[in-house]
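>>> A structural model of the following input is requested.
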Amino acid sequence: MTKFDPETFSDNVQLAGFHMEAGQRNFMELVRIIAADLDTSMTALRPYLRAWFNGARDALEDFGIDVSDASSADEVAAAMRCFAMWADQPVEAE
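Below is the predicted model:
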């Protein structure tokens, strides 16, 4: 993805919202899921991730869905500042 595409942007806000409605409210984990869904790296999606997550979270909240357990805008911003430390790293087994 090298050029901003409003249709793709909207589609992926919806994808993020779908996963949030299904219960994934952690930004970093949701990013991993979306990258897998789109069969691409998190690094390639980096310019869009914050907006997709925050947009989906805010839209769900505007529709009356409780998202108080979702990563906040400040938490998302903090994760983006250290993106290279966690992006595209293998998921650790629990």
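
>>> which residues in this structure form helices?
Ranges of helices within the chain are 6-21, 27-37, 42-62, 73-81, 83-86, based on DSSP state H.

>>> Tell me who's in contact with Ser41.
For Ser41, the contact set (C-beta atoms under 8 Å, 6 or more residues apart in numbering) comprises Ala35, Ala87, Asp88. C-beta coordinates here come from the backbone N, C-alpha and C atoms, glycine included.

>>> From Ala73, how far out is it?
From Ser41 across to Ala73, the span is 24 Å (C-beta to C-beta, to the nearest Å).

>>> same check, this time on Asp39
In this view, Asp39 and Ala73 are 28 Å apart by C-beta to C-beta.

>>> if you count what's nearby, which of the two comes out ahead?
Ala73 (14 against 6; other C-beta atoms under 10 Å).

>>> List the contacts of the more buried one.
By C-beta under 8 Å, 6+ apart, the residues touching Ala73 are Asn54.

>>> what's the pLDDT at it?
On pLDDT, Ala73 comes in at 96.

>>> Can you show me the CA trace of stretch 20-33 as CSV?
Presented in CSV, the C-alpha positions along stretch 20-33 are these (Å, rounded to 0.1, in the frame of the first residue of the first chain):
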residue,chain,number,x,y,z
MET,A,20,-13.4,-5.4,18.1
GLU,A,21,-17.0,-6.4,18.2
ALA,A,22,-15.8,-10.1,18.4
GLY,A,23,-13.9,-9.2,21.5
GLN,A,24,-10.3,-8.3,20.4
ARG,A,25,-9.8,-4.9,22.1
ASN,A,26,-6.0,-4.8,22.4
PHE,A,27,-4.4,-2.7,19.7
MET,A,28,-1.2,-4.7,19.2
GLU,A,29,-3.1,-8.0,19.0
LEU,A,30,-5.7,-6.6,16.6
VAL,A,31,-3.0,-5.3,14.3
ARG,A,32,-1.5,-8.8,14.2
ILE,A,33,-4.9,-10.2,13.2
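
>>> chain center to it: distance?
6 Å (C-alpha atoms, centre = their mean, to the nearest Å).

>>> Contacts for that stretch, please.
16, 19, 42, 45, 49, 53, 56-57, 60, 65, 67, 69-71, 75-76, 79, 86-87, 91.
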